[in-house]
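Next one to model:
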Amino acid sequence: MEPKKSYIQIAELDQAHTIIMHAPLKDPNFGSLHPKAFLYEKQVSFEKAKKSHNEFVEKLKKYGVEVIKIEDVYANLKREELEEIAVNYLKYQFEGDVSDLTEENKFYISNEYKRIALSTLSVEQLLDIILYQPTVLLQQKNRDLSSCEIVHHPNTNLTFTRDQQIVTVHGLVMGSFANHQRKREVQIMRKAFEIMNIEIKGNVESPGFVEGGDFFPVSKDLSLIGVGCRTNHLGAKYILDNNLFGTRRVGFVVDEMDKNIQRMHLDTIFNIVDEKRVVLLDSIMGDSKIRRVVWEYVLIDNCYQLNRKVEFSEFLKQEGYQIIPISDQQQREYMLNFLNLGIGSDGKAIIISVHPDLEKVLREAGFEGIVDYVDYSGITAMYGAAHCSTQVFRTPKKN
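The predicted structure follows:
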């Protein structure tokens, strides 16, 4: 058997070599029926979302990054393997007592019948089964089996491939969602990683919750994880107590006073520009009523111990960073949610921005790297941007 691949992330500034993504297929069509219920910011144009995503993918490829789409991982399976996965996602639900079914009709709710039905579908149709997970509701009337309703369970937020897992110094750790709309995404991503033969180092289970948008690998010495709106203490502590972060220090960036969906993840208020600079939402800094506080844990004798609690901006200053403040308006326009492809051989970082003014803001702060803008408005309508929609594997910097 081929040994498992171990993909890691030591620092946000290490060079990205592979990025996992999911193109918006039919997802926005379902989510736009009720944006709030499906965690969208507003209605989404399918064509605009597709165009934005395609342009972003081309930007990544321009800088030598391999882009792997989840749908392609499944589509490239052998036919029989894809059908077997689809069997698990297609449900037949009889609305009544199964014992009342005729022997003939019992066959029509069996896995055997599912396999017959799936055997004639195209690869695209099988992917739809996996991604939208239909349940066929069945009734028996006058000994005939009939259905007038199919319930879909669309994974409308799967485009945001950052959130289902984190990638640490030690490798891939599967997360856990509190929002029921997103729980199925973890299963889809886990199976995709298994298909790619990528080793999974750990699994966060409910009542612990961890979402990847809350995680930043800073260095070999330090990891940061947001705790508040989406990631909770139980989830973060599971990773800490099992030494899955792999760094000497871990900072829980705790939100106890805000819990606003506009600032749901750490990557909605903070990002790393280069070795000297970070961006930070100015309205959470200092004595703000919605400030974040870092609970710094330090590894001592193979056990993490709480070392101190310090306000987030003060913590960053003590780490030696220049803080570039970002206004609430700029934050709402996703200026903070850029993707850093890491520092190249020339010593300069490459940033993919979704805000046309980010380059100006960074240049004024002395940043000399590349800032490449892409119109991502087709995706931001779904409540996320460049950082949210990418899961990155990076090449550790050689010392």
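
Show me which helix runs longest in this structure.
Taking DSSP state H as the criterion, the chain has its longest helix at helix 46-62.

Would you mind writing the CA trace of that helix as PDB?
In PDB, the C-alpha atoms belonging to helix 46-62 read as follows (Å, rounded to 0.1, in the frame of the first residue of the first chain):
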ATOM      1  CA  PHE A  46     -24.300  31.900 -10.600                       C
ATOM      2  CA  GLU A  47     -22.500  33.200 -13.700                       C
ATOM      3  CA  LYS A  48     -20.800  36.000 -11.800                       C
ATOM      4  CA  ALA A  49     -19.700  33.500  -9.000                       C
ATOM      5  CA  LYS A  50     -18.300  31.100 -11.600                       C
ATOM      6  CA  LYS A  51     -16.500  33.900 -13.500                       C
ATOM      7  CA  SER A  52     -14.900  35.300 -10.200                       C
ATOM      8  CA  HIS A  53     -13.800  31.900  -9.200                       C
ATOM      9  CA  ASN A  54     -12.300  31.000 -12.500                       C
ATOM     10  CA  GLU A  55     -10.300  34.300 -12.600                       C
ATOM     11  CA  PHE A  56      -9.000  33.600  -9.100                       C
ATOM     12  CA  VAL A  57      -7.900  30.100 -10.100                       C
ATOM     13  CA  GLU A  58      -6.000  31.600 -13.100                       C
ATOM     14  CA  LYS A  59      -4.200  34.100 -10.800                       C
ATOM     15  CA  LEU A  60      -3.000  31.200  -8.600                       C
ATOM     16  CA  LYS A  61      -1.800  29.200 -11.600                       C
ATOM     17  CA  LYS A  62       0.100  32.200 -12.800                       C
END
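
Could I get the buried residue list for it?
Residues K48, A49, K50, K51, S52, H53, F56, V57, K59, L60 are the ones in helix 46-62 that count as buried (16 or more other Cβ atoms under 10 Å). C-beta coordinates here come from the backbone N, C-alpha and C atoms, glycine included.

and the two most separated of the residues you listed?
Greatest spacing in those, by Cβ to Cβ: K48 and L60 (19.1 Å).

Quick check: mean pLDDT of the longest helix of the chain?
Averaged over helix 46-62, pLDDT sits at 94.

Does it pack against any helices or strands, and if so which?
The contact analysis (3 or more Cβ pairs under 8 Å, 6 or more residues apart in numbering; DSSP states H and E) places helix 46-62 against strand 15-21, helix 27-31, strand 66-69, strand 349-353, helix 377-380.

rerun at 7 Å
helix 27-31, strand 66-69, helix 377-380 (3 or more Cβ pairs under 7 Å, 6 or more residues apart in numbering; DSSP states H and E).

Would you single out the least confident of those?
Lowest mean pLDDT of the helices and strands packed on helix 46-62: helix 27-31, a mean of 64.

Need the CA coordinates for stretch 294-306. CSV is fine.
In CSV, the C-alpha atoms belonging to stretch 294-306 read as follows (Å, rounded to 0.1, in the frame of the first residue of the first chain):
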residue,chain,number,x,y,z
VAL,A,294,-4.9,36.5,23.4
TRP,A,295,-4.7,33.6,25.8
GLU,A,296,-1.1,32.5,25.3
TYR,A,297,-0.3,28.8,26.0
VAL,A,298,3.3,27.7,26.3
LEU,A,299,4.5,24.1,26.0
ILE,A,300,6.3,23.2,29.2
ASP,A,301,7.4,19.6,30.0
ASN,A,302,5.2,18.2,27.1
CYS,A,303,2.1,20.0,28.5
TYR,A,304,0.6,23.4,27.4
GLN,A,305,0.2,25.8,30.2
LEU,A,306,-1.6,29.2,30.2
